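A.B. asks: any chance you could fold what I've pasted below:
(one chain, ligands or ions: 2)
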Amino acid sequence: MSAHAYKVCMLGDFGVGKSSLVARYVRGTFSDRYLTTVGVTVDSKEIALPGRDTLTLVLWDIAGGSMLDAPSTSYLRGASALVLVADGTRETSLSSALTLLMQSRDTLPDAIAVLAVNKLDLGERWEVAATTLAELRRSLPVFETSALSGGGVDDAFAEVARRLAS
Ligand code: GTP
Ligand code: MG
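C.D. replies: Ligands and ions are numbered 1, 2, ... in the order given. Predicted structure coming up:
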């Protein structure tokens, strides 16, 4: 990796939209078909921050789960940042994201972390309370995203890039 390439791992429970967020961010596409990720898929995207060198986010889209297993833990090695993903229509997926964050701290004590609460377009089925998100925002940046509409997606990755660059 070049000096300005950073490994960023996508972590979260099954079906929360990790692969969909990467597809939206990197390729500008969305599919409503669910093809579960086996192992890991790696993609990358360059991002230009105002007044800084361009940096490359190397996105490791890791198979979903509510706990880190041995393969997932090994995929984390060398990561500079984590994007924890939850599905706003499934409160349990938020607990999973927070569990994964805690577990990943053993491997990556210093990695930057942001939380994406995804599927914002399904607002009528939303389970995660605004007060819960407000509470979480005290400890990490939280973005409400939709891989379907694209809402919040660039903002979430730009925040990762900004924190990596500073
Ligand atoms: P695993 O690889 O199994 O862990 O799943 P994942 O987290 O990568 O989820 P994936 O991106 O495969 O999406 C799962 C399903 O949710 C798919 O049917 C997607 O189309 C759908 N989905 C993902 N993001 C959104 C979203 O923002 N809005 C809506 N409505 N559906 C979404
Ligand atoms: Mg996936």
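A.B. asks: mind checking pLDDT for the residue nearest to Leu120 when sequence neighbours are not counted?
C.D. replies: Counting by C-beta to C-beta, 6 or more residues apart in numbering, the nearest residue to Leu120 once its immediate chain neighbours are dropped is Ser146, at 4.3 Å. Using the backbone N, CA and C atoms, a C-beta is placed for each residue, glycine as well. As predicted, Ser146 sits at a pLDDT of 98.
A.B. asks: now Ser2
C.D. replies: pLDDT, Ser2: 55.
A.B. asks: could you pull out the buried residues of stretch 24-41?
C.D. replies: Buried residues in stretch 24-41, counted by 16 or more other C-beta atoms under 10 Å: 24-25, 41.
A.B. asks: if we can go back for a sec, check contacts around the residue nearest to Leu120.
C.D. replies: 118-121, 152-153 (C-beta atoms under 8 Å, 6 or more residues apart in numbering).
A.B. asks: a markdown table please, covering those residues and showing secondary structure.
C.D. replies: Listed next are these as a markdown table, based on DSSP: H, G, I helix; E, B strand; the rest coil:
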| residue | secondary structure |
| --- | --- |
| Asn118 | strand |
| Lys119 | coil |
| Leu120 | helix |
| Asp121 | helix |
| Gly152 | coil |
| Val153 | helix |
